[in-house]
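*Asks:* Coordinates for the following, if possible.
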Amino acid sequence: MNKPEKASAIPDVQGSLDRRHIAIDKVGIKDIRHPIRIRDKSVGTQHTVATFNMYVSLPHNFKGTHMSRFVEILNRREREISVESFEPMLREMVQRLEAKSGHLEMCFPYFIAKTAPVSGVQSLMDYETTFIGTLAEDGQYEFTVKVIVPVTSLCPCSKEISAYGAHNQRSHVTVTVVTRRLMWIEEIVQLVESQASCEVYGLLKRPDEKFVTERAYDNPKFVEDMVRDVAALLNAEPRIDAFVVESENFESIHNHSAYALIERDKRKAD
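*Replies:* Okay, the predicted model is just below:
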């Protein structure tokens, strides 16, 4: 009786030698979803779902990276990934994939309960939030928070030249900060909303609609005003090392948006 032949080893094509001698800055997987747990300033913990982007650098001599390991790393954590496990997961990713640097992005909707200004009715507002972790070749870890805050802006020029009324629109103010200490998502949102023509709410009754309409009219802002006013507060916040503030007005009387950006690294200014 003939003995069965031994199965030959499956070749590892990704780990084979590449002779083009061109390193890759980022390689990995995008848009994979996983449940997460986030610290909530008001109720302690919030459960939501995040979309992850996971990348590492690839040396010039490797043909490819092992894509399955990214998913393994994501699923090896507890069922819900927390902020506390964010940096350890990034370090494990770089180590297991034998990379020199790594990049991890976690984008999720963060919900904040808001109270209408007159009626007091409550509703939830969602804010698109992204946590970004970067591990440099020297092992230095940097953590960045990005939050998109919808607000109302009313045009000062329209108010000035019109016999009555003024055009207003919903705007997105995007704040990206590198922090040295904990800064709550709620704090970033409140900082931005305080500088808008008016806040945006999930639910308003008629007395609330009257209030927010008149508040916006009394507080007109150009897109330039918005980024400057927010930047002034970010610049004064000692927990922030660097920031980018962007404002995009989705114009109600034009078929284009108005946009402005301010970027500052306070570490270089010191």
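*Asks:* Break this protein into its domains for me.
*Replies:* 17-107, 116-270 (automatic domain parsing).
*Asks:* How far off centre is the shortest one?
*Replies:* In other words, domain 17-107. In terms of C-alpha atoms, centre = their mean, to the nearest Å, the centre of domain 17-107 is set 16 Å apart from its chain centre.
*Asks:* pLDDT (mean, whole number) over that domain?
*Replies:* Average pLDDT, domain 17-107: 86.
*Asks:* do the last one as well
*Replies:* Along domain 116-270, the predicted local confidence has a mean pLDDT of 94.
*Asks:* just use 3 as the starting number from now, easier for me
*Replies:* New numbering, starting at 3: the last item is domain 118-272.
*Asks:* Span of stretch 196-203 from start to end?
*Replies:* 14 Å (C-alpha to C-alpha, to the nearest Å).
*Asks:* Now do the buried residues in that stretch.
*Replies:* Using 16 or more other C-beta atoms under 10 Å as the test for burial, stretch 196-203 gives 197, 198, 199, 200, 201, 202, 203. Every residue, glycine included, has its C-beta placed from N, CA and C.
*Asks:* Hmm, the first one is touching residue 236, no?
*Replies:* No: under the criterion of C-beta atoms under 8 Å, residue 197 makes no contact with residue 236, lying 10.3 Å away.
*Asks:* give me every residue that touches residue 176.
*Replies:* Taking C-beta atoms under 8 Å, 6 or more residues apart in numbering as the contact definition, residue 176 lies against 148, 149, 150, 151, 246, 247, 248, 249, 250.
*Asks:* Out of the residues you listed, the closest to residue 163 would be?
*Replies:* The nearest member of these to residue 163, counting by C-beta to C-beta, is residue 249 at 22.0 Å.
*Asks:* Hmm, residue 171 and the closest one touching each other?
*Replies:* No: judged on C-beta under 8 Å, residue 249 makes no contact with residue 171 at a distance of 11.5 Å.
*Asks:* quick one, which of these two is more surrounded?
*Replies:* The residue with more neighbours, out of residue 249 and residue 171, is residue 249; 31 against 18, by other C-beta atoms under 10 Å.
*Asks:* what are the ranges of the strands in the stretch 53-202 of the chain?
*Replies:* For the stretch 53-202 of the chain, strands defined by DSSP state E, counting those that start in this stretch occupy the ranges 83-84, 104-117, 124-137, 143-156, 170-181, 200-201.
*Asks:* what lines up beside the last one in the sheet?
*Replies:* Sheet pairing here is set by DSSP bridges, and for strand 200-201 it gives strand 143-156 (antiparallel).
*Asks:* Off-centre distance for the strand it pairs with?
*Replies:* That offset, for strand 143-156, works out to 7 Å (C-alpha atoms, centre = their mean).
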